[in-house]
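>>> Got a sequence here, can you model it:
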Amino acid sequence: FGRNYFNRASAPETEDIDDVEERDQVLADAAALKRLAVDYMHPEVAVETTDATATARCYFDRASAPEQESVDDAEERAQILRDAAELRKAAFDYLHPEVGVSSSAPELFGRNYFNRASAPETEEDEYADERAEALAEAAALKKLAVDYMHPEVGVTSSSPELFGRNYFNRASAPDTEDASVAQERAQVLAEAAALKKLA
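Below is the predicted model of the structure:
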């Protein structure tokens, strides 16, 4: 006699045929969805098929396809774009003379306009640094004066670590009177001053 390994009391539970088929169907659907997602995310990967009868219509060569430019037009457009890029580079070089000219050709050389004997006298580095420092200090003082003269302009900062405590709304702040009480007090003082004048 023999003992049935699968039907014993301590055997692990097995799936029936319906559950197995349903699980296989779910896994096949998931694999198909994954393949569809990969095809959608990577259009550069060509479509491959083993079916010899599978054919496709060329979207670009059909009669109703949008007009395509010829090779000559495409080359001319590319040349125009290259010319525009060179003009843009020339304009940038003209607007930013502080960016030096770089070249790998050994036969290129140039004359330094600023160090020639007849060049106008230029400021020394020491004086230029001192002048720049004085201008920076003046700009900082001007900003401080503007901030002092215009307290209604709020303090702005882009640092998330900065925070401030409101001196007037804290729990230990002295009581402040509202506008109506202040107006009434001013009126009483004005009347008292008028009565004092009459007396």
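
>>> Any stretches of this structure with poor pLDDT?
Flagging of the chain using pLDDT under 70 yields the residue ranges 1.

>>> Mind doing that once more with 50?
For the chain, not a single residue meets the criterion pLDDT under 50.

>>> Could you list the domains of it?
The chain breaks down into these domains under the TED database: 15-68, 70-101, 123-153.

>>> What residues sit buried inside the second one?
Spelled out, it's domain 70-101. Buried residues in domain 70-101, counting neighbours by 16 or more other C-beta atoms under 10 Å, are absent. The way it works is simple: take the backbone N, C-alpha and C, and place the C-beta from them, glycine included.

>>> re the thing from before, any chance of JSON lines for the domains of the chain, columns distance to Asn4?
As requested, these are exported to JSON lines (distance: least, C-beta to C-beta, whole Å):
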{"stretch": "domain 15-68", "distance to Asn4": "17"}
{"stretch": "domain 70-101", "distance to Asn4": "76"}
{"stretch": "domain 123-153", "distance to Asn4": "89"}
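
>>> wait, which of those is closest to Ser159?
Nearest to Ser159, of all the domains of the chain, is domain 123-153, at 17.0 Å by C-beta to C-beta.

>>> Indicate which one of the domains of the chain is closest to Gly2.
Per C-beta to C-beta, nearest to Gly2 of the domains of the chain: domain 15-68, 24.1 Å.

>>> roughly how far is the closest one from the heart of the chain?
Chain-centre distance of domain 15-68: 37 Å, with C-alpha atoms, centre = their mean, to the nearest Å.
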